[in-house]
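Colleague: I'd like to go over a predicted model; first the sequence, then the structure.
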Amino acid sequence: MRKRRQLTEVVNRTAAIAPSDILVFSTFRNEDVRLPYFLKYYREMGVNHFLMVDNDSDDGGREYLAEQPDVSLWSTTASYKKSRFGVDWLNGLQMRYGHRHWCLVVDPDELFVYPFCDSRPIQALTDWLDASSIRSFSAMLIDMYPKGRLDELPYRRGDNPLDIAAWFDAGNYSIKRNPGLKNLWIQGGPRSRMFFQDEPWRAPALNKIPLVKWDRAYAYVSSTHMLLPRGLNLTYDEWGGEKASGALLHTKFLDTFTIKAAEELSRKQHYANSHEYVAYAAGLNENPDLWCKWSEKYINWRQLEILGLMSKGNWA
Amino acid sequence: MNVGIVMLVHTALDRAEQVLRHWHAAGCPVVVHVDAKVASKTYDTFVAGLADLENVRFSTRHRCEWGGWGIVAASQAASELMLHEFPDVAHVYLASGSCMPLRPVQELQSYLAARPRTDFIESATTADVPWTVGGLDEERFTLRFPFSWKRQRKLFDWWVEVQRRYKLQRRIPAGLVPHMGSQWWCLTRQTLSAILEDPDRPSWDRYFRQVWIPDESYFQTLSRLYSQNIESRSLTLSKFDFQGKPHIFYDDHLQLLRRSDCFVARKIWPRADRLYDTFLGDPAGAMSGTEPNPGKIDRIFAKAVERRTRGRPGLYMQSRFPNENWENGVTSARYSVFEGFAELFEDFEPWLAKVTGARVHGHLFAPEGAEFDGRQDTFAGALSANPKLRDYNAWMFLTNLIWNTRGERQCFQFGPRDSQFISWDIAKDPNAQISVISGAWAVPLFLSNENFSVLRAKAAKLQKIEADHLYALRSTYAKARIRIWTMAEFIEAPTEALQTVIDETGSPGLRRLTEAPRLIDLKGFGQFLQNLKNQGMHPYLMGDFPVDRAPSQAKPGRRKPYLVK
C-alpha cells in the first residue's frame, strides 16, 4: 500500500478498461529491446490492457511504452529490493485496477503458454476457469536457452526470442511442498544444473501462479510464486488427478544476459543478495553453453503437455 | 408438420439471436424464454431486435438457477405457448441459446417427419446411470432441496445430512418411476401436451419443485407415462465433465463436430466465430450424414475427465502432486534394481544390456555421482549426474528418470556404498523389481589393496547399511517384486538364479540363457571373511563360506530334478 506512493504516474489509460478485460501487470528495467515482441505476443493472445511499472530505465523503453494506446505506465526510482522485487508496486496497482479482472503478472522475458493457446484466445481459458470456479492458474517457469554460447546469436528488437533460445530441460525438476503457504516449490532446469550444483537448495524457485481472477483482498507474497489467501496456491491436485496448468517460457538467456548479469551484480537488487547472479557470473565466465545432448527443442504447448510439464486437466 | 424450437436463453444474447434467426429462416417457429435475471433493458433491446420475425414468441420469464425448478417452469411455459400458438408443430425441440445446429435444419425436419410418433428424450432409471455428481442419485427424489447449491452450499450440504440422519424421506408419488437424462429433449405434440394438460399436473409439479435438478428428471419421468415410443437419447450433443458442467466447443473442434453428424451441439463458446460462421453460414459446408455418431467426441471428453481425475501415473508436476498412497502408480513404468550382481560378475552391465535389451546403468546413487549408461554427465530429460543435485531430491531423481525414459526399461545397480535415500521408496514401489545378492559388497573389498584395518571398518559399515536396506525389503510395507539370495546361496547355482531374474524383467523375445557372465575369481574369499571374523567383525550377510572353498565357473549347473507323479 505504502509502496504505491513510490510510483509516479507517466500515463494512465485505465479509464479505457472494460469490465471483462484481461490485464497484464509487469515491472521492467532497461528492457526496451524486448518490449515490442512482449506487447505483440500478449496482444495476439487477447490481453486488453497492460499496466507497467518502469524501474528507472534509461534505454528509451519508458518513452516507447508511453506511446502505446493500451498501456498505462508508472515509473519509480525506488529500490527494487525494498519493494520486495517489485511485488509491492504491482500489488498496489492490482488492488486498485485489477479487482474482478483476470490478471496476468509476467516479466518482459516471460512468455505465457496455456493449453490450446495456438487455437484459443486467453478469454477462452478465463471463461472456462470462471465456469469451473477456479480462481488461480499455475504456469511453471521453464528456462529457455540457445545452443552454443549465449552471445553467439544477437537478439534484435521485435524478434521472437524463442527463435534463439529454443531449448529447455524436459525432466530434471525437483518438487517439494511448502507446508506453510501450501504452494509447491519447484527447482531444477538448466540454472540448477549449471550454476547450483554445489548448493541445489539455493536454486531459484520455478513455481509460479501468474494468472489470477483478482480480488482486492488478494496479495502476492514473493514474486508470483506464492499468494495470499493460501487457498489460491492449491493449483495442484493431491489425489492423483491433474489440474489444468500452463508454462512461462523464460527467455532470459539471450546475448543480452551477460551484460545484465554484470549490471545486476553491481546493483545487488535481487533475491538473496543476488546470489543467483554471482553464480551466473561465475558460471558464465567458464562455460556459457547451457545446452546439453539431452536438451529438448521447443515446438509447442502440446509437446510440453506430453512431456508432463503442463497439463490440459479436464479442458478439452 | 413442423418442428418448433423452444429456446432457453440467459447469456450471450447476440449469439442466441444469430441461432434463433437461423432456426427461423428454415421455417421453424421459435418460442424464447429469457432468464428473469437478464436486465429488463437488455431484454427489451433483444425483443425489439427480433421484431421483424413473424414466428417468434416470448414466454413468461422465470428465474433459472442451476439445479432449481425455474428451468422446468420456463420449459413448461414456453412449450405451452408453442403448442397454443403454432398448431402445425408436431415436434418440440428444447434448445438453449448456446446450442448450435450442425446439420441443415431441413435434415432435422425430415428426420423427425419420418418419425412422427417418436419422442427423443434420454431417460434412464436412477439405478442404471453412473453419471450423477455429488453422490445424489436416488436421493434426488426422496429428499427435499430448499437451498441453492451454488449460493447456499453449506446449508445445502447440512440439510442433506440432516435428512439422511433423521431419515426424513418423502414418498415418491404413486405411479411415478423416477427417470433421469439429458435436459435437452425433443418431444411430440401428443406426449408434450399430455404432460402439460394432465389433470394431476399440480401434484406432479408440487413434488418435482423440491426434487434436486428437476430439469433432468421432470420430463424424463413424466414422458414415460404417456409416450408411445421413447427413443432414449438426446438429439443434442452435450457432454458433461466430472463436475457436472457441460464441455464447451471451440473453433478447434470444427472438424470433430463436422464428423459427428449430430443435429445440434451444446455448448458453444460465444466467441467461437469460426464455428458460428461455418455451421450457420452456408448450407453447402454442412454434413450429409445419416445417424448421429458422436463416438469420437465422446472419447475425447472421456479422456479429459480421466486426465483430471486419475492423471498420468508416475508423473509429478506443478498441477499433479499426489499425497502418499494416492499416486495411482508411484513411478510410471517397471524397472529393475540389481544389488551385488556387478560386484560378483565381470562386465555384468554390458551382459545384462545384451540379454535384456534394456537400458542398463551403473550405480545411479554412487557417492561420486550417478553412473548413467555410458557414464554420461547428463541423461534423458537433462538429468544431471551430479551427486548433490541428485541427493537433494533423490526419489524425484528416480521418478524423473523413469518418466523421462517411458517406453524403455531401466535397470540400475544399487548397494550399500550408494546413498540410501531411496531405500524405502523402491521397496514400496510395485513397479520395482529388486534382486539382491546380499553380502556381495565384500567382494570389492576382498579384491582391493587397502590396509586390513581400513577394510574391516568399511565392511562393518557396509554390512550395517545393507542390513537396514534388507529390513526395508522384508518389511510389511514392501510392495516391490523382491528376491534375496545370500552370496553363498547364489553361487551354488548362479545360472538358474540369473535365469529367474532375467525372466522377470519381462523383456520380449527372451530365451534360455546361453551365455552366463563370468564370476569373479573368489579363491581366498573364505579366508578373507575368516580374517574379518578374526578381527572381531562378523560378516553374516553373505551366508556360510567355508574357508577353503573356492567356487569356480567350471562347475556345471545341477540337473533339474524330474517331476514324478
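Modeller: Yep, it's here. Numbers count the residues shown, from 1 in each chain, chains lettered A, B, ... in the order given.
Colleague: Who are the contact partners of the residue lying closest to residue B:382 once chain neighbours are set aside?
Modeller: Distances taken as C-beta to C-beta, 6 or more residues apart in numbering or on different chains put residue A:169 closest to residue B:382, at 3.9 Å, once the chain neighbours are dropped. C-betas here are computed from N, CA, C, even on glycine. Listed by C-beta atoms under 8 Å, 6 or more residues apart in numbering or on different chains, the contact set of residue A:169 reads A:142-143, A:188-190, A:193, A:295-296, B:381-382.
Colleague: Name the member of those with the most neighbours.
Modeller: residue A:188 (30 neighbours; other C-beta atoms under 10 Å in any protein chain shown).
Colleague: which residues of the stretch 101-250 of chain A fall in strands?
Modeller: Under the criterion DSSP state E, counting those that start in this stretch, the stretch 101-250 of chain A contains strands at A:102-105, A:110-113, A:136-137, A:139-143, A:167-168, A:173-177, A:184-188, A:211-213, A:219-222, A:226-228, A:246-250.
Colleague: would you turn those strands into JSON lines with mean pLDDT and distance to residue A:239?
Modeller: Shown next, in JSON lines, are the strands of the stretch 101-250 of chain A (pLDDT from 0 to 100; distance: least, C-beta to C-beta, whole Å):
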{"stretch": "strand A:102-105", "mean pLDDT": "96", "distance to residue A:239": "27"}
{"stretch": "strand A:110-113", "mean pLDDT": "96", "distance to residue A:239": "26"}
{"stretch": "strand A:136-137", "mean pLDDT": "96", "distance to residue A:239": "18"}
{"stretch": "strand A:139-143", "mean pLDDT": "96", "distance to residue A:239": "20"}
{"stretch": "strand A:167-168", "mean pLDDT": "96", "distance to residue A:239": "29"}
{"stretch": "strand A:173-177", "mean pLDDT": "95", "distance to residue A:239": "14"}
{"stretch": "strand A:184-188", "mean pLDDT": "94", "distance to residue A:239": "15"}
{"stretch": "strand A:211-213", "mean pLDDT": "96", "distance to residue A:239": "23"}
{"stretch": "strand A:219-222", "mean pLDDT": "88", "distance to residue A:239": "26"}
{"stretch": "strand A:226-228", "mean pLDDT": "90", "distance to residue A:239": "22"}
{"stretch": "strand A:246-250", "mean pLDDT": "97", "distance to residue A:239": "21"}
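Colleague: got JSON lines for the ones you listed, with distance to chain B too?
Modeller: Shown next, in JSON lines, are the strands of the stretch 101-250 of chain A (distance: least, C-beta to the nearest C-beta, whole Å):
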{"stretch": "strand A:102-105", "distance to chain B": "15"}
{"stretch": "strand A:110-113", "distance to chain B": "13"}
{"stretch": "strand A:136-137", "distance to chain B": "9"}
{"stretch": "strand A:139-143", "distance to chain B": "4"}
{"stretch": "strand A:167-168", "distance to chain B": "8"}
{"stretch": "strand A:173-177", "distance to chain B": "4"}
{"stretch": "strand A:184-188", "distance to chain B": "6"}
{"stretch": "strand A:211-213", "distance to chain B": "13"}
{"stretch": "strand A:219-222", "distance to chain B": "17"}
{"stretch": "strand A:226-228", "distance to chain B": "13"}
{"stretch": "strand A:246-250", "distance to chain B": "9"}
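Colleague: Need the three-state assignment for residue A:306.
Modeller: Under DSSP: H, G, I helix; E, B strand; the rest coil, residue A:306 falls in the helix class.
Colleague: quick one on the thing from earlier: who wins for proximity to residue B:440 among the strands of the stretch 101-250 of chain A?
Modeller: strand A:173-177 (31.5 Å; C-beta to C-beta).
Colleague: Check what contacts that closest one and list those residues.
Modeller: A:140, A:184-189, A:192, A:200, A:206, B:316-318, B:321, B:392-393, B:396-397, B:400.
Colleague: now do stretch B:251-267
Modeller: Contacts for stretch B:251-267 (C-beta under 8 Å, 6+ apart): A:116, A:119-120, B:93, B:95-96, B:98-103, B:107-108, B:111, B:184, B:235-238, B:246-249, B:272-275, B:278-279, B:287, B:289-294, B:296-297, B:300.
Colleague: Show me which of the residues you listed are buried.
Modeller: Buried members of the contacts of stretch B:251-267, scored by 16 or more other C-beta atoms under 10 Å in any protein chain shown, are A:116, A:120, B:93, B:95-96, B:98-103, B:107-108, B:111, B:184, B:235-238, B:246-249, B:272, B:275, B:278-279, B:287, B:289, B:292, B:294, B:297.
Colleague: Strands - which of these land there?
Modeller: Using DSSP state E, the subset of the buried ones among the contacts of stretch B:251-267 located in strands is B:93, B:95-96, B:100-101, B:236-238.
Colleague: Same list (the residues you listed) but as CSV, adding pLDDT.
Modeller: Formatted as CSV, these follow (pLDDT from 0 to 100):
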residue, pLDDT
B:93, 95
B:95, 94
B:96, 92
B:100, 91
B:101, 92
B:236, 89
B:237, 86
B:238, 83
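Colleague: could you dump the residues you listed to TSV with distance to residue B:66?
Modeller: Shown next, in TSV, are these (distance: C-beta to C-beta, whole Å):
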residue	distance to residue B:66
B:93	22
B:95	17
B:96	12
B:100	21
B:101	24
B:236	18
B:237	20
B:238	15
